[in-house]
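Undergrad: let's see this in three dimensions:
(chains A and B)
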Amino acid sequence: MKKILVADDEMSIRLLYSEELKEEGYEVYLAANGREALEIVDRIPLDLVILDIKMPEMDGIEALRQIKERRPDLPVLLSTAYGEYRQDFATWASDEYLVKSSDLEDLKSAVRRYLKD
Amino acid sequence: MAGERTAFLNQMVEVFTSTVSFGERLNNMVHLLGRNLKVELALYFALDKAKETLFLNISSQGPVPPHLRVEFPVGQGVVGETAVTRKIKVIHRNHRPVLPVDAPLAKLHPAYQTLASFPVADDNFLYGVLLLMDREDRSITHAERQSVQLACLMLAGTLRQAILQDEAKKRIAELSVLFEVGKALSSTVELEVLLERIVSTTAKVITARGASLQIVDAVTGEVRVSSRYGRIPPEGPFPPPDFPGPGGPGTAPHFEAQAADSQGHTHYCLAVPLIFKGQLRGALCVYDKFALNGDYLPFDPENRQLLYTMAGLIVSAIENALTYQQVEELAEKNQRMVKNLTALQEISQALLTTVQTDKILGIILQGLTLEHGLGFDRAMVMLVDEADQTLKGARAAQRTPLLQDLPLREGLLLPLSQEIPVAAWEIPLQAQGPMITAALHKRPYHHHAGQVQELSPELRKYYSPPEFSMVPLVVKDRVTGVILVDNEASGRSLAPESLESLQMCTTEAALVIENARLYSTIEANNRELLLIRERMLESDRLAALSSLASGMAHEIRNPLVSIGGFARRISKLVEEKSPLRGYVDVIQEEVTRLEKLLREILDFTGENLSYYGDHDLSKIIEETLILVQRDLDGYKIKVVKEFTPLPRLHCDDRQMKQVFYNLFQNALQVMHLGGTLTIRTFPLDKEDGIYAAAAISDTGGGIPLEVLHNIFNPFFSTKDYGTGLGLAIAQRIISRHYGQIEVNNEMGKGVTFIVTLPVAKYCLVKERGQGAVQAATLKVSKGGRE
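TA: Numbers count the residues shown, from 1 in each chain, chains lettered A, B, ... in the order given. Here you go, the predicted structure:
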């Protein structure tokens, strides 16, 4: 079973994403900020990470940088309420940049694309 | 004997006191003497003026014929010795034979035996010698001697009287002449009249047939004044042209000459110099002295003396008159200058009342043409057009007699009543000709007909009076225009004082016109600044709104995602027929609507940038059209496409699609009952570059006037649904692309939105297959991710 980490400081988002992804047949890990996300990345052999950008303690951009340092092969999707970070060079290291929507089809199809084998 | 003597002396006294002429008296006395002393010959020898010779003057035998010249030098012979010794001398021929020196005496009376000589003298002077001759050898008694001595005293007295009277006569004549001259000279200070009087009086006093006077400048030789009177012999003689020469007083003697004319008449000329204090010199000439019988006579030394005396008087009179003339000229000139300066002052004051070029030119032209102003018949202002490099007619006016009674102050501010149309006048600055050349060299130019250098044809086409003056308008060493004046209508010449005043006026005019120009530039700049300020205020307002909206939108997005996401999950779990189904669907739909609103707000506030690339505007429109195709078909809207090939546009194609999507949405809404959507694309060549343009027209009846000004305002909507951001977003995106959106509203018909977008220069270059590298560089600099 493919392992996905969802990092978001909003509990409701974490809950929604994990329910939807579990339904898709993935094993879901959750983190409330970048620091927790890094701990899980170090501990678990993950297949994909979904990162929010605005988070306390460590934001998604810093977490993205450190994850790509440690595991350059690990796909990281940014899922954020903001569109403007698209212009930030640091976000260009991500594999996908998604603006949050109540319709999770975009997110799920992206996940499927990266984990199709 | 004593009785005879008394009778003789009585007779002598009678003759002495008689009133007959002196010559007659002398004659009578010599005869009386000879008769009474009973001598055969009594002679009177007179001393000449030089007091060197004694010549036979009177003889008791009758008048001395003119050819008979008997004279003795003083000191020689009996007569000469008597004149020196002043003593009586009696000689008997038998005692002293005739000496050679006395030979002429022997000729007068060859048989004389006795000879007595008496000095005729008074206490001071010797006048002559009386000589008595007789053929008898006789003695002269003491009484006879006394009688003769007495008679000689009387002769001397008579002679002295004669001389005194002669002198007195001359003096009186001279004085009366001088009186006449003085009267003539003091009667006027008008130089011309004075000169006429001088020459006529001179001719009359000298009794000459003609007289002339000429005064020249001693340095330049230029004739200052001259005057003539009477008949001046046409063939001369005349004094030489340089008479009396440039030397000072004393070096200029008189000139005297005679010459025969072609008819053989001899003419005479006498000239004396006129010596002035200043650098003037002159000559006073008289010609041909009148004789009573009509002959011409030479002038005598007395005439010369009189002429000299007159010359002295004349010089000071002429000097006075010249000074008076100069003073009068100066006074007149001053008066004109004062008038002109007053006018300039008034013009100056009037110019302070406005900063509008047109009004300024009006005041200047009134000032130049009004009678109380500088009074030119016509005046024109031409201004330099820097861009065209031409001199262009601005305004012009001619003198109007209607305003003569009005004070200048008021006249200046009136509109020009006789304006000359000069707007079409246009002279290239490189035109050849003295006027343009002078203007470009910042020099005034005075033109009069017959000038060697011809005016350029470009000027003559509009303006070629026989005389005119041009003064350039110069500000900070730059020629900004010219003022032209002439008096063609009245034919008066242009007075130097008026031209001086014109120059002064022009100096001020140049400054004032330049100030007006600067003022209007400043005004235009101010207007632009105001506009920019308004725009900045608006964009500030929008920026504040944007940041508020953006902050709120982000905060709302997370909960919305949760609400919507869970609603979808619930929806999947609720059975089709459950009443909860409808509720959950409402939640989902509302969340979707809110999310759409959020996207629009965030689009407007600038979340999404950076899809810049080189795109074809027509293709963008085609692709956008596909998105609304279903609605177009649904509403039965006819689409007309008129696409012209365009240069590629550097733009964010997604944003551009958004623009046209919004415009199409608007069109759809007003044409939901059908209509025609016309889409045209075309290139536009503007001053600052090439633009790609698209015009989207609908047939939806147009926008009501009361809302037209609001259509680009955010959150303004006439629709029951929608955010009202459609057109505001479109405008935002277009201005980010440095373009423009305009609306062309035809009430009752429809609306046309025209979008114009600048085609970047490198896009044009790239069109020709170059500059790709540059394009790439630019793309990166936009910071976007392609």
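
Undergrad: what about the closest residue to residue B:256 other than its chain neighbours, is that helix, strand or coil?
TA: Distances taken as Cβ to Cβ, 6 or more residues apart in numbering or on different chains place residue B:270 nearest to residue B:256, at 5.2 Å, with adjacent residues excluded. To be clear about C-beta, it is placed using only N, CA and C from the backbone, and glycine gets the same treatment. Here residue B:270 is recorded as strand under DSSP: H, G, I helix; E, B strand; the rest coil.

Undergrad: what residues sit buried inside stretch A:107-117?
TA: For stretch A:107-117, burial by neighbour count (16 or more other Cβ atoms under 10 Å in any protein chain shown) applies to A:107, A:108, A:110, A:111, A:114, A:115.

Undergrad: closest to chain B among those?
TA: Of all the buried residues of stretch A:107-117, chain B sits closest to residue A:107, with 9.9 Å by Cβ to the nearest Cβ.

Undergrad: what's the nearest residue in chain B when you look at chain A?
TA: Counting by Cβ to the nearest Cβ, chain B gets nearest chain A through residue B:564, at 2.1 Å.

Undergrad: so that residue touches residue A:104, yeah?
TA: No - assessed by Cβ atoms under 8 Å, residue B:564 is found out of contact with residue A:104, at 9.1 Å.

Undergrad: quick one: distance of stretch A:109-117 to the chain centre.
TA: 13 Å (Cα atoms, centre = their mean, to the nearest Å).

Undergrad: quick check, that stretch touching chain B?
TA: No - if you take Cβ under 8 Å from any Cβ of the partner chain as the test, stretch A:109-117 misses chain B, and the best it gets is 14.8 Å.

Undergrad: and the contacts of that stretch?
TA: Residues from elsewhere that reach stretch A:109-117 (Cβ atoms under 8 Å, 6 or more residues apart in numbering or on different chains): A:2, A:4, A:21, A:24, A:26, A:47-48, A:50, A:75, A:77, A:95-96, A:98.

Undergrad: out of those residues, list just those in strands.
TA: Cross-referencing the contacts of stretch A:109-117 against strands under DSSP state E gives A:4, A:48, A:50, A:77, A:96, A:98.

Undergrad: pull out the buried members of those.
TA: A:4, A:48, A:50, A:77, A:96.

Undergrad: would you map the strands across chain A?
TA: A:3-7, A:27-31, A:48-51, A:76-80, A:96-99.

Undergrad: who does the first one touch, helix- and strand-wise?
TA: Okay, so that is strand A:3-7. Strand A:3-7 sits against helix A:11-23, strand A:27-31, helix A:34-43, strand A:48-51, with contacts defined as 3 or more Cβ pairs under 8 Å, 6 or more residues apart in numbering or on different chains; DSSP states H and E.

Undergrad: beta partners of the spatially closest residue to residue B:653 that is not a sequence neighbour?
TA: Once flanking residues are discounted, residue B:653 sits nearest to residue B:615: 4.7 Å by Cβ to Cβ, 6+ apart. Per DSSP bridges, the residues bridged to residue B:615 are residue B:649.

Undergrad: thanks again, I'm all set now.
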